[in-house]
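[1] Provide a 3D model corresponding to the input given below.
(2 chains)
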Amino acid sequence: DQQVKQNSPSLSVQEGRISILNCDYTNSMFDYFLWYKKYPAEGPTFLISISSIKDKNEDGRFTVFLNKSAKHLSLHIVPSQPGDSAVYFCAARVFGNEKLTFGTGTRLTIIP
Amino acid sequence: EAGVTQSPTHLIKTRGQQATLRCSPISGHTSVYWYQQALGLGLQFLLWYDEGEERNRGNFPPRFSGRQFPNYSSELNVNALELEDSALYLCASSFLRNTGELFFGEGSRLTVL
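    Reported below is the predicted structural model:
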């Protein structure tokens, strides 16, 4: 049962444009959401997070939006840069349970 | 500050053998998590250890086991290896009750022939 879904396995975006990565979840008990970025041969690194009490969190070029009624979150990267090319994982957590449930990832390619 | 370190980087085994993977968390972190990333799949939660105890376990058979040592380092053991155990095994650490951010190592790639 895939509780966190990233339906787009890959995405290509022109450098300088906006990249939008999407994530859907089914478990309404999730209260905290995170995005991780993974380069080849490296472990995932934390990018940005959002609590369920918010609907937006911004950090520089990265903004995460949460729509609880739709059980959907998205990561916006603007402007996109070549170094953003990586696999992006969406993750979610239930309060009191330290386990993170990850999506299957979206491979983002930024075209120079 | 040293990050999460994992060893070995690569491991090749044959079916039926046992594999042992090791992880050293970031200094000060008491929780260690193990995840499996099989080809084409996301990160599947395996095990969570904190203060030497197993706190949670993912949907994996009992032949996946592990432990956490007094210095908070951890071992993941996979017995009776099967071909489908071939995957990248990622270890992560955190300070319990933080915001949920995990710090990952680079992983150990296990190949079962």
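[2] quick one, phi psi at the residue in chain A positioned nearest to chain B?
    In chain A, the residue that lies nearest chain B is residue A:43 (3.2 Å; CB to the nearest CB). (Glycine included, C-beta is placed from N, CA and C.) Backbone torsions of residue A:43, given as degrees, to the nearest 10, read phi -80, psi 160.
[3] could you dump stretch A:75-82 to PDB, C-alpha only?
    This file holds the C-alpha atoms of stretch A:75-82, laid out as PDB (Å, rounded to 0.1, in the frame of the first residue of the first chain):
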ATOM      1  CA  LEU A  75       7.500  21.500  -4.500                       C
ATOM      2  CA  HIS A  76       8.200  24.600  -6.600                       C
ATOM      3  CA  ILE A  77      11.800  25.400  -7.600                       C
ATOM      4  CA  VAL A  78      12.200  28.800  -9.200                       C
ATOM      5  CA  PRO A  79      14.400  29.600 -11.000                       C
ATOM      6  CA  SER A  80      15.500  26.100 -11.900                       C
ATOM      7  CA  GLN A  81      19.300  25.600 -12.100                       C
ATOM      8  CA  PRO A  82      21.400  22.800 -13.600                       C
END
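[4] can that stretch be said to contact chain B?
    No. Stretch A:75-82 stays clear of chain B (CB under 8 Å from any CB of the partner chain), getting no nearer than 15.4 Å.
[5] and the nearest residue to residue A:83 once chain neighbours are set aside, what does it touch?
    Leaving aside its chain neighbours, residue A:83 sits nearest to residue A:110 (7.9 Å; criterion: CB to CB, 6 or more residues apart in numbering or on different chains). Residue A:110 makes contact with A:12-15, A:19, A:80-85 under the criterion CB atoms under 8 Å, 6 or more residues apart in numbering or on different chains.
[6] also residue A:51?
    Counting by CB under 8 Å, 6+ apart, residue A:51 has contacts A:31-33.
[7] now do residue A:37
    A:44-45, A:47, A:86-89.
[8] flag every residue of chain B that's near chain A.
    Close to chain A, as judged by CB under 8 Å from any CB, chain B has residues B:4, B:31, B:33, B:35, B:40-45, B:48, B:50, B:55-56, B:58, B:90, B:92, B:94, B:96-97, B:99-107.
[9] so where's chain A shaky on pLDDT?
    Within chain A, the stretches with pLDDT under 70 are A:1.
[10] residues from it in reach of chain B?
    Counting by CB under 8 Å from any CB, the residues of chain A near chain B are A:2, A:4, A:6, A:32, A:34, A:36, A:41-46, A:49, A:89, A:91, A:93, A:97-105.
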